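> Give me a model of this one.
(one chain, ligands or ions: 2)
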Amino acid sequence: MTQYPHLLAPLDLGFTTLKNRVLMGSMHTGLEETKDWNRVAAFYGARARGGVGLMVTGGMAPNREGGVFPGAAGLFSNDDILNHRLMTDRVHAADGKIAMQILHAGRYAYSPDCVSASPVKSPISPFAPKELDEAGIEKQISDIVTAAERAQEAGYDGVEIMGSEGYFLNQFLVTHVNKREDSWGGSYENRMRLPIEVVRRVRAAVGQEFILIYRLSMIDLIPNGSTWDEVLQLARAVEAAGATIINTGIGWHEARIPTIATSVPRRAFSWVTQKLMGEVGIPVITSNRINTPQTAEDVLAEGCADMVSMARPFLADPDFVAKAASGRAAHIVPCIACNQACLDHTFSGKLSSCLVNPRACHETELVLERVKRPKTVAVVGAGPAGLAAALAAEEKGHQVTLFERSHEIGGQLNLAKQVPGKEEFHGLLAYYETAIAAAKITLRLNQAASVETLRAFDEVIIATGVAARDPGIVGQEQAHVVNYYDVLAGHVDVGPRVAIIGAGGIGFDVAEFLVTPQTAKNDLDHWLAEWGVGDPSEMRGGLRPSGPQPEAPARQVTLLQRKTQKLGKGLGKTTGWIHRAALQMKNVTMTGGVNYERIDRSGLHVSFGTARENPTVIEADTIVLCAGQEPERGLADALIAVGQVPHVIGGADVAAELDAKRAIDQGVRLAARL
Ligand code: NAP
Ligand code: SF4
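Ligands and ions are numbered 1, 2, ... in the order given. Next up is the predicted model:
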């Protein structure tokens, strides 16, 4: 008997059956744009082998004006069809099923040629769209239909029509963008004509035995978004027009409410999909912040949906379903919803990968092949870099000994897990514990490796991490000046007024930790109220008229940096705004361009500018140092001094801008070369 009976139950669609209730949701990885189709096939082939019921590709443009950016991939030629065929064949050979997402970006297209219902610029785009005339609308419909026909020719099992997240079809639905007075605007019947016409004509073109998923925005999270009655009306019309499945979309891209970041509670929006259950006759998929088989199982068992969409978890682990089905759920590499190597890359024009699995999207190039002659490998330091290197080296067949001077593995991950909103790090640490215990790795906790101990190994990997930088501020030796490590580890008492020196990732984390009341409820209702999310049946678009209602901050915090630029500029591209907004909601004062003059009992004395003007005292009971880090290289240098050649990775190599992404990537890549 499986632990996940609902998740692993087949789904009969009449003309075809999906082997389980797991959809790998659409992700733009950038792979298609590399034009290396073997690489694309390797990516999807690996996930098909991992047992997922149905996959959806990244969004394919139906035409040039609808591409998310100039040069966005689509099925424009016979060559494109042949290339996609290479991938669909690989998926089918692995007994998988795959649908192609057709994504028309409308006014979100990063191009002066973008088009929409009305010439209303989006707040997240520099380009105002051109208003489509009647012939222009007909062209868009016909191009979407052609894309679906080509997808069928390329061997896909279906298409997903992207109607949510504020893209083209969604733009016609709401008066926020659709100001038209013709038969495509005005009443809701008119505004929903475009999506319905698209579904009807795609169905007519592809025949009955082809999966047609419609991704429907169930809670827009923007002013003047759809009402729940409109959502219901659209869903029923989409079904009548020929859709096979309805998938859930949550929030427009321009919404100022986080919807998938790690601080969003797990399954935060499954209640929204649940409202549609029983209202339509076709299966309904739910999505957003579902990243474990148990969460997915609970969602289905509670009747929130017929199927569950997970996207990023399949970057983290292509074998998610196979591991769940074989009783090895604890071995699933968990997606921590950080966005650091997936969406942050996408929005920087880089190929996606995954912080916890650097092999994602690099399947053909980063390969861990078994070695013919295993070596003895010592890894010193069980933080992210060391753990990744040890596991990858062991996977290749090397005999690995992992030294860690503290009593536990994880290094700085143990600090990250203390930060409110970063609870997913607990799951990552639990995975590493399981993986290390299951691997043939000798783990030596409470043991600081010495030059002498390491002499016996063929290869030595130094992953000793970082030490806090000393900012050298006059008066910092006083008892009320503490280090971030001691704060997050709970070693020190922190007073009601706090100044934080340094506004990097750790300064922001410490601020979040200190302003969050210890009694704060980490539950969904609390989170929804904090961000102003309500029931779309009661309030248009699911936005509470009262706006966000944050809990009062636990402390009065001032966050400081010397640079004059906006604080948090170096944080994640897709998540930095969330960290800033969260601290602003807690009245954190953010001050840049300071000089640190001295610390005394009254607090922190600063001045501004090169002329050291405007001397100011920031009154504080506690001052926390978060001034960055320096490499911990003592052991590496000692080895080099006696003629050894260690491999130095992670923070011990370069501390600047170190994060777990670089550490893990470096660890795996080094092991691949050993
Ligand atoms: P960091 O990002 O390098 O920030 C260091 C901060 O200290 C900066 O604000 C810097 O600003 C200040 N600083 C540097 N030298 C100083 C000095 N001598 N005296 C006073 N202030 C000084 O380092 P971090 O915050 O320790 O974070 C370490 C790494 O972990 C970073 O790469 C970070 O991205 C990563 N991390 C990421 C996240 C995340 O959410 N993605 C969370 C935590 C940590 P000024 O020089 O302008 O004063
Ligand atoms: Fe998940 Fe982070 Fe990996 Fe993206 S980079 S898939 S959010 S763990």
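
> Just to be sure, residue 357 is in a helix?
No. Under DSSP: H, G, I helix; E, B strand; the rest coil, residue 357 sits outside any helix and is assigned coil.

> And the residue nearest the centre of this protein?
Most central in the chain under Cα atoms, centre = their mean is residue 339, positioned 3.1 Å from the mean C-alpha point.

> mind listing the strands in the stretch 201-350 of the chain by residue range?
211-219, 245-250, 284-286, 307-310 (DSSP state E, counting those that start in this stretch).

> Point out where this structure drops to low pLDDT.
Where the chain drops to pLDDT under 70, the residues are 520-521, 657-658.

> Ligand 2 contacts on that one?
Listed as neighbours of ligand 2 in the chain under the rule Cβ under 6 Å from any ligand atom: 312, 315-316, 335-342, 354-356. For glycine as for every other residue, the C-beta is placed from the backbone atoms N, C-alpha and C.

> and ligand 1, which of the residues you listed reach it?
Near ligand 1, judged by Cβ under 6 Å from any ligand atom, the entries from the residues of the chain next to ligand 2 are residue 340.

> from the residues of the chain next to ligand 2, which would you call buried?
The neighbour count (16 or more other Cβ atoms under 10 Å) marks 312, 315-316, 335-342, 354-356 as buried among the residues of the chain next to ligand 2.

> export these to JSON lines and tack on distance to residue 121?
As requested, those are exported to JSON lines (distance: Cβ to Cβ, whole Å):
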{"residue": "312", "distance to residue 121": "30"}
{"residue": "315", "distance to residue 121": "32"}
{"residue": "316", "distance to residue 121": "36"}
{"residue": "335", "distance to residue 121": "33"}
{"residue": "336", "distance to residue 121": "34"}
{"residue": "337", "distance to residue 121": "30"}
{"residue": "338", "distance to residue 121": "30"}
{"residue": "339", "distance to residue 121": "25"}
{"residue": "340", "distance to residue 121": "29"}
{"residue": "341", "distance to residue 121": "31"}
{"residue": "342", "distance to residue 121": "27"}
{"residue": "354", "distance to residue 121": "33"}
{"residue": "355", "distance to residue 121": "33"}
{"residue": "356", "distance to residue 121": "37"}
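
> now the helices: where do they sit in the stretch 151-300 of the chain?
According to DSSP state H, counting those that start in this stretch, the stretch 151-300 of the chain carries its helices in the segments 168-173, 188-191, 193-206, 228-241, 270-274, 293-301.

> The residue of the chain found nearest ligand 1: neighbour count?
Among all residues of the chain, residue 504 sits closest to ligand 1, at 2.0 Å; criterion: Cβ to the nearest ligand atom. By the criterion of other Cβ atoms under 10 Å, residue 504 has 17 neighbours.

> That one and residue 570 touch, don't they?
Yes. Residue 504 lies in contact with residue 570 (Cβ atoms under 8 Å); the separation is 6.6 Å.

> residues in contact with residue 533?
Each residue near residue 533 by Cβ atoms under 8 Å, 6 or more residues apart in numbering is listed here: 219, 221, 257, 542-544.

> Closest to residue 373 out of these?
residue 257 (54.7 Å; Cβ to Cβ).

> my read: the closest one touches residue 531, true?
Yes. Taking contacts as Cβ under 8 Å, residue 257 lies within contact range of residue 531: 4.9 Å.

> ok, the two, which is more surrounded?
residue 531 (26 against 21).

> Torsion angles phi and psi at the more buried one?
Dihedral pair for residue 531: phi -100, psi 0, per degrees, to the nearest 10.

> can you tell me how far it sits from residue 422?
Residue 531 sits 17 Å away from residue 422 when distances are taken as Cβ to Cβ, to the nearest Å.

> Then residue 154?
Taken as Cβ to Cβ, the span from residue 154 to residue 422 is 41 Å.

> cool, and residue 241?
Per Cβ to Cβ, residue 241 is found 43 Å from residue 422.

> What of residue 377?
As judged by Cβ to Cβ, residue 377 and residue 422 stand 31 Å apart.

> more crowded one of these two?
residue 377 (24 against 21).

> Then that one would be within a strand, right?
Yes. Applying three-state DSSP, one finds residue 377 inside a strand.

> First-to-last residue distance for stretch 19-29?
Stretch 19-29 has an end-to-end distance of 25 Å (Cα to Cα, to the nearest Å).

> for stretch 615-629, that is, sorry about that
So stretch 615-629: terminal residues 28 Å apart, Cα to Cα.

> Let me know whether that stretch sits next to ligand 1.
Yes. Applying Cβ under 6 Å from any ligand atom, one finds that stretch 615-629 is in contact with ligand 1 at 626-629.

> Let's see if you can find the most crowded of these.
Counting neighbours by other Cβ under 10 Å, residue 626 comes out on top of these with 28 neighbours.

> So what's the gap between whatever helix or strand residue 44 lives in and the chain middle?
Residue 44 belongs to helix 37-49 when elements are defined using DSSP states H and E. Distance of helix 37-49 from its chain centroid, counting by Cα atoms, centre = their mean, to the nearest Å, is 21 Å.

> And stretch 195-207, by the same measure?
With Cα atoms, centre = their mean as the basis, stretch 195-207 stands 32 Å off its chain's centre.

> Let me see the residues that make contact with that stretch.
Here stretch 195-207 makes contact (Cβ under 8 Å, 6+ apart) with 141-142, 144-145, 148-149, 152, 159, 161, 163, 169, 172-173, 212, 214, 234, 237-238, 241-243.

> Would you mark the buried spots in it?
Applying 16+ other Cβ under 10 Å to stretch 195-207 flags 195-203, 206 as buried.

> what do you get for stretch 549-566?
Buried, per 16+ other Cβ under 10 Å, within stretch 549-566: 550-551, 553-561.

> How about stretch 39-59?
Residues of stretch 39-59 classed as buried by neighbour count (16+ other Cβ under 10 Å): 39-59.

> So which bits of the stretch 451-600 of the chain are right by ligand 1?
When proximity is defined as Cβ under 6 Å from any ligand atom, the stretch 451-600 of the chain approaches ligand 1 at 469, 471, 501-507, 509, 561-563, 570, 572.

> Could you rerun that using 5 Å?
The stretch 451-600 of the chain comes close to ligand 1 at residues 471, 502-506, 509, 561-563, as judged by Cβ under 5 Å from any ligand atom.

> Farthest-apart pair in those residues, please.
So for those, where distance means Cβ to Cβ, the most widely separated pair is 509 and 562, at 19.1 Å.

> Count the neighbours of residue 503 for me.
Residue 503 has 28 neighbouring residues, counting by other Cβ under 10 Å.

> Okay, the residue of the chain closest to ligand 1 and residue 17: tell me how far apart.
Distance of residue 504 to residue 17, computed by Cβ to Cβ: 51 Å.

> is it true that residue 503 touches residue 590?
Yes. Proximity of residue 503 to residue 590 meets the contact threshold set by Cβ under 8 Å, at 7.1 Å.

> Overlap in contacts, the two.
Residues touching both residue 503 and residue 590 (Cβ under 8 Å, 6+ apart) are 559, 567-568.

> returning to what we had before: contacts for the helix holding residue 44?
Helix 37-49 is contacted by residues 24, 29, 31-32, 34, 55, 57, 83-84, 86-87, 89-98, 314, 318-319, 322, 360-361, 363-365 when judged by Cβ under 8 Å, 6+ apart.

> ok, residue 664 - contacts?
Taking Cβ under 8 Å, 6+ apart, we find residue 664 in contact with 355-356, 358, 384-385, 387-388.

> In a markdown table, list the residues you listed along with distance to residue 268.
Formatted as a markdown table, these follow (distance: Cβ to Cβ, whole Å):
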| residue | distance to residue 268 |
| --- | --- |
| 355 | 21 |
| 356 | 21 |
| 358 | 28 |
| 384 | 27 |
| 385 | 32 |
| 387 | 29 |
| 388 | 29 |
